[in-house]
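Asks: Provided below for reference: sequence and predicted model.
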Amino acid sequence: MPPKTTCHLIRPENSYEGKQGLSYFTGIATETVGSTGICMHLLTMPPGARAKAHMHESHETAIYVLSGEVHTWYGDGLEQQIVVKAGDLFYIPAGVPHLPANLSDSPASAVIARTDPNEQESVVLLPELDGLVA
């Protein structure tokens, strides 16, 4: 008989360094609660923080910005840009290259949910795109 599943409470007190070059608060993932279809965590980007260009090969991402604003470049050559502000929801389809950066003088915080329950498993770094954004 398979083990019984149950509910879990996560208090995001610990953090880890993601492949993207940012520090994430530990959240819901296969590694923490045994989730099989989703991960969700908190991210606070200090002023001037910038991720490495990357994509999530087979997984969608949904972001809700709690505070601040984040500039995000996206597309095959990072040719498109959007500013996502507190209260905005932002969707990134699977396989779309993107690079978020906090260009403001204040921290920016967001809740991030992804259809990759292993959090970092589908992260594909795209170093050839990093230099396209100043």
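Replies: Arrived safely.
Asks: parallel or antiparallel, list what pairs with the host helix or strand of residue 113.
Replies: Assigned by DSSP states H and E, residue 113 falls within strand 108-114. Strand 108-114 pairs in its sheet with strand 39-45 (antiparallel), strand 61-67 (antiparallel), by DSSP bridges.
Asks: CA atoms of that strand as CSV?
Replies: What follows is strand 108-114 as a C-alpha-only set of coordinates in CSV (Å, rounded to 0.1, in the frame of the first residue of the first chain):
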residue,chain,number,x,y,z
ALA,A,108,11.0,43.6,-5.2
SER,A,109,9.2,40.5,-3.8
ALA,A,110,7.1,38.0,-5.7
VAL,A,111,5.3,34.6,-5.3
ILE,A,112,6.4,32.3,-8.1
ALA,A,113,4.6,29.1,-9.1
ARG,A,114,5.8,26.7,-11.7
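Asks: for it, buried residues please.
Replies: Burial within strand 108-114, assessed by neighbour count using 16 or more other CB atoms under 10 Å, is assigned to 108, 109, 110, 112, 113, 114. No exception for glycine: its C-beta is placed from N, CA and C like everyone else's.
Asks: got those residues as CSV, with pLDDT and distance to residue 36 columns?
Replies: Formatted as CSV, the buried residues of strand 108-114 follow (pLDDT from 0 to 100; distance: CB to CB, whole Å):
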residue, pLDDT, distance to residue 36
108, 96, 30
109, 95, 27
110, 95, 24
112, 94, 18
113, 94, 14
114, 92, 13
